[in-house]
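Q: next input, structure requested:
(one chain, ligands or ions: 1)
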Amino acid sequence: MRSFIKTFQTHGFYLAVGLWKYPQAHCTVSFRICWTPARNSRSPSSSFVWIGAIERDGIKRLVAKSERFLCTGQTMAIGSGEGTNQELVSTNLEETLPARKLLTLVIIHHEEKVLLGMKKRGFGKGYYNGFGGKVEKGETIEEAAARELEEESGVTATDMEKRGILTFHFDNDPVLWEVHVFYVTKFLGDPYETEEMAPSWFSVADIPYDTMWADDPLWYPLLLTGQRFKGDFFFTNTTTLTSHSIGVVESVS
Ligand SMILES: Nc1ncnc2c1[nH]c(=O)n2[C@H]1C[C@H](O)[C@@H](COP(=O)(O)OP(=O)(O)OP(=O)(O)O)O1
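A: Numbers count the residues shown, from 1 in each chain. This next block holds a predicted model:
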């Protein structure tokens, strides 16, 4: 986290600005407060108080309106203000963040080979991919990853490790897809074809990127060489990758 708070005095007003950056959460929180000091305890000053904003994934939302307050010595009373903040979206921080759907993706790398499944139905049909799906209510991301792997390939992971977080942005869907990528080298059972996936082993040199999601060649090499990573991928028409950013990170949480 990076942060700063600064105060200024100008034309009889005080101004405080603060900024907190949370790079891992792609998030910046800022505020501005402007006030006039009380001249004495019987002569309260009034002013406008703060504007708060949160910026996430490049989208800035204002989350607090200006309010008038009265300040007498140590006592501050917040009253209804004349906020002129036209861009106000909500005073509830949670409501201002873009909605996210959580998904999992498990890649098995065993004896120099990678297990991929041909998706037989639904989203991504016709692509080879790892095994995974949506996190359901009441389960952790790790539980969802283990469940989806078993449901789609029939195998049980015994050394699952989270290695990456991929965020997918679609031009036709305001909801961001946050995919948590897990790496597995040990498992129980033999993979078999299920209703959703037909599994096959590929040597690393023969990974069929031509029949995979367009982002895959950008991060599989990181995954398969032991790195941790975070990336953002922007798609139009669901499958056309138009831009991306990806970085190696020390830890993924
Ligand atoms: N662009 C990209 N690259 C790599 N992997 C993925 C994407 N987009 C994705 O959605 N995925 C992954 C993430 C998930 O593992 C699957 C999609 O999950 P889905 O099959 O829709 O989820 P389920 O819960 O299994 O769905 P149901 O069919 O059961 O409704 O692809």
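Q: kindly indicate whether Asp210 is helix, strand or coil.
A: Secondary structure assignment for Asp210 (DSSP: H, G, I helix; E, B strand; the rest coil): helix.
Q: check Phe229 too.
A: Strictly by three-state DSSP, Phe229 counts as strand.
Q: contacts only, for it.
A: Contact partners of Phe229, counting by Cβ atoms under 8 Å, 6 or more residues apart in numbering, are 163-164, 219, 222-223, 246-249, 252. No exception for glycine: its C-beta is placed from N, CA and C like everyone else's.
Q: any idea how far it is from the ligand?
A: Using Cβ to the nearest ligand atom, to the nearest Å, Phe229 is found at 13 Å from the ligand.
Q: kindly report the same for Thr225.
A: On the measure of Cβ to the nearest ligand atom, Thr225 and the ligand end up 18 Å apart.
Q: show the pLDDT at that residue.
A: Confidence at Thr225, expressed as pLDDT, is 97.
Q: contact partners for it?
A: Taking Cβ under 8 Å, 6+ apart as the definition, Thr225 has no contacts.
Q: now do Glu196
A: 117, 119-122, 151-152 are the contacts of Glu196 under Cβ under 8 Å, 6+ apart.
Q: next: Ser251.
A: Going by Cβ under 8 Å, 6+ apart, the list of residues near Ser251 reads Arg228.
Q: what do you get for Leu224?
A: Contacts of Leu224 by Cβ under 8 Å, 6+ apart are 109, 114, 204.
Q: separation between the closest residue to Ile246 other than its chain neighbours and the ligand?
A: Nearest residue to Ile246 in three dimensions, chain neighbours excluded: Gly231, at 3.5 Å (Cβ to Cβ, 6 or more residues apart in numbering). Here Gly231 is placed at a distance of 10 Å from the ligand (Cβ to the nearest ligand atom).
Q: pretty sure Gly231 is touching Tyr220, no?
A: No: in this structure Gly231 lies outside contact range of Tyr220 using Cβ atoms under 8 Å: 11.6 Å.
Q: circling back to that earlier point, run through the bridge partners of the residue nearest to Ile246.
A: Leu166, Ile246 (DSSP bridges).
Q: contacts only, for it.
A: By Cβ under 8 Å, 6+ apart, the neighbours of Gly231 are 164-167, 215, 218-219, 244-247.
Q: near the ligand, which of those residues show up?
A: Among these, the ones lying near the ligand by Cβ under 6 Å from any ligand atom are Asp215.
Q: just give me the neighbour total for Val29.
A: 19 (other Cβ atoms under 10 Å).
Q: does it lie in a helix or a strand, and which?
A: Assigned by DSSP states H and E, Val29 belongs to strand 27-35.
Q: nearest to the ligand: which residue in the stretch 151-253 of the chain?
A: Residue nearest to the ligand within the stretch 151-253 of the chain: Trp213 (3.3 Å; Cβ to the nearest ligand atom).
Q: how much space between the residue nearest to that residue when sequence neighbours are not counted and His109?
A: Sequence neighbours aside, Tyr127 is the residue nearest to Trp213 in space, at 5.9 Å (criterion: Cβ to Cβ, 6+ apart). Separation of Tyr127 from His109 (Cβ to Cβ, to the nearest Å): 19 Å.
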